[in-house]
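*Asks:* What follows is a predicted structure for the sequence shown.
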Amino acid sequence: METEASTYLIRPKHKFKAGVAKEFMREILREGLTGVQYNPDEIPTLTRSLAESIKKKLKGVGFERYKIIVQVVIGEQRGEGVKMAARCLWDADTDSYAQEIYMNDSLFCVAVAFGVYYY
Amino acid sequence: MIRGFHDNHKGFYVHNRKNMDDASAEETAFVVDEVSSIVKDSIEGAIGGNIYQQNRVSMWTSNVVEQCLSQLSKLGKPFKYIVTCIIVQKNGAGLQSASSCFWDNTTDGSCTVRWENKSIYCIVSVFGLAI
């Protein structure tokens, strides 16, 4: 009878570094949004492409065995009140997150990246 | 050697992990409908019928997220959950949210619920990652 052996690695060799992720996110948001006005036609594609590029960048950094979730929210600046919160049920020893906020005159952008370890 | 520690990394080999497949797929899959109804109930319970109030938003977002998370953990599935909630005042402004994930398509999933009343927009996203 064939049985498959699986390897579990309970602790990562290199933890998800929130500081590093935050720096990359700041760069990408700044590049993508400086001088951009809120335009309801273009914003959906812009938001999606920012999320994709952040994810691609974090994949490239090489956090081994980490699943990555990136969420980007862009809103128009009209003086409205906004509140964003997140809670996670995970392993605090291995998992972590990074957040970055960007604002200009016509829009604000919140980006969050979560790194979840795969045992 | 059934169980042991491998030399250089901290890890161990476990045989017969395949037995996990015998359990019904329902119990270990991310079921979008179930999660979406949990989220809707949490939102209704926390902010249903309220008018946007700046000094209460913090409490509302925390409540929504905590409710969602506690209901999800009661499901007892082998998942790690990430729940995010955005509450926006309705004043004509636009809001767009997008997410991009690097995960295992066969086992992981996400669910986003949009909810509104006369003065509040609420977007809740739940990401479930299999262990």
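*Replies:* That came in fine, so what should we check first?
*Asks:* pLDDT-wise, which helix or strand of chain A ranks last?
*Replies:* When the helices and strands of chain A are scored by mean pLDDT, DSSP states H and E, strand A:6-8 comes last with a mean of 80.
*Asks:* Downstream of it, the next helix or strand is which one?
*Replies:* helix A:18-33 (DSSP states H and E).
*Asks:* contact partners of that next one?
*Replies:* Residues from elsewhere that reach helix A:18-33 (CB atoms under 8 Å, 6 or more residues apart in numbering or on different chains): A:46, A:49-50, A:53-54, A:57-58, A:61, A:74, A:96-100, A:102, A:104, A:107, A:109, A:111, A:113, A:115. (Glycine included, C-beta is placed from N, CA and C.)
*Asks:* That helix: how far from the chain's middle?
*Replies:* Remark: helix A:18-33 is offset 9 Å from the chain centroid, using CA atoms, centre = their mean, to the nearest Å.
*Asks:* now check stretch B:124-131, is it near chain A?
*Replies:* Yes: counting by CB under 8 Å from any CB of the partner chain, chain A has neighbours in stretch B:124-131: B:Ser125, B:Phe127, B:Leu129, B:Ile131.
*Asks:* Convert that stretch to PDB, retaining C-alpha atoms only.
*Replies:* The C-alpha coordinates for stretch B:124-131 follow below in PDB (Å, rounded to 0.1, in the frame of the first residue of the first chain):
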ATOM      1  CA  VAL B 124     -16.700  43.100   4.500                       C
ATOM      2  CA  SER B 125     -14.200  40.700   3.000                       C
ATOM      3  CA  VAL B 126     -13.400  37.300   4.400                       C
ATOM      4  CA  PHE B 127     -10.400  35.300   3.300                       C
ATOM      5  CA  GLY B 128     -10.100  31.700   4.300                       C
ATOM      6  CA  LEU B 129      -6.800  29.900   4.000                       C
ATOM      7  CA  ALA B 130      -6.500  26.200   4.500                       C
ATOM      8  CA  ILE B 131      -4.000  24.900   7.000                       C
END
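*Asks:* So which bits of that stretch are buried?
*Replies:* Neighbour-count burial for stretch B:124-131, counted by 16 or more other CB atoms under 10 Å in any protein chain shown, picks out B:Val124, B:Ser125, B:Val126, B:Phe127, B:Gly128, B:Leu129, B:Ala130.
*Asks:* Partner strands of the host helix or strand of the first one, with direction?
*Replies:* Remark: B:Val124 resides in strand B:120-130, with elements defined by DSSP H and E. Applying DSSP bridges to the sheet, strand B:120-130 is found paired with strand B:79-89 (antiparallel), strand B:109-116 (antiparallel).
*Asks:* what's the closest non-adjacent residue to A:Gly35?
*Replies:* Spatial nearest neighbour of A:Gly35, chain neighbours left out: A:Asn104 (7.6 Å); criterion: CB to CB, 6 or more residues apart in numbering or on different chains.
*Asks:* Isn't that neighbour up against A:Val36?
*Replies:* Yes: here A:Asn104 reaches A:Val36: they are 7.3 Å apart, a contact under CB atoms under 8 Å.
*Asks:* hmm, the longest helix along chain A touching chain B?
*Replies:* Ranked by number of residues, the top helix in chain A under DSSP state H is helix A:43-61. Yes: using CB under 8 Å from any CB, helix A:43-61 comes into contact with chain B via A:Ile43, A:Pro44, A:Thr47, A:Arg48, A:Leu50, A:Ala51, A:Glu52, A:Ile54, A:Lys55, A:Leu58, A:Lys59.
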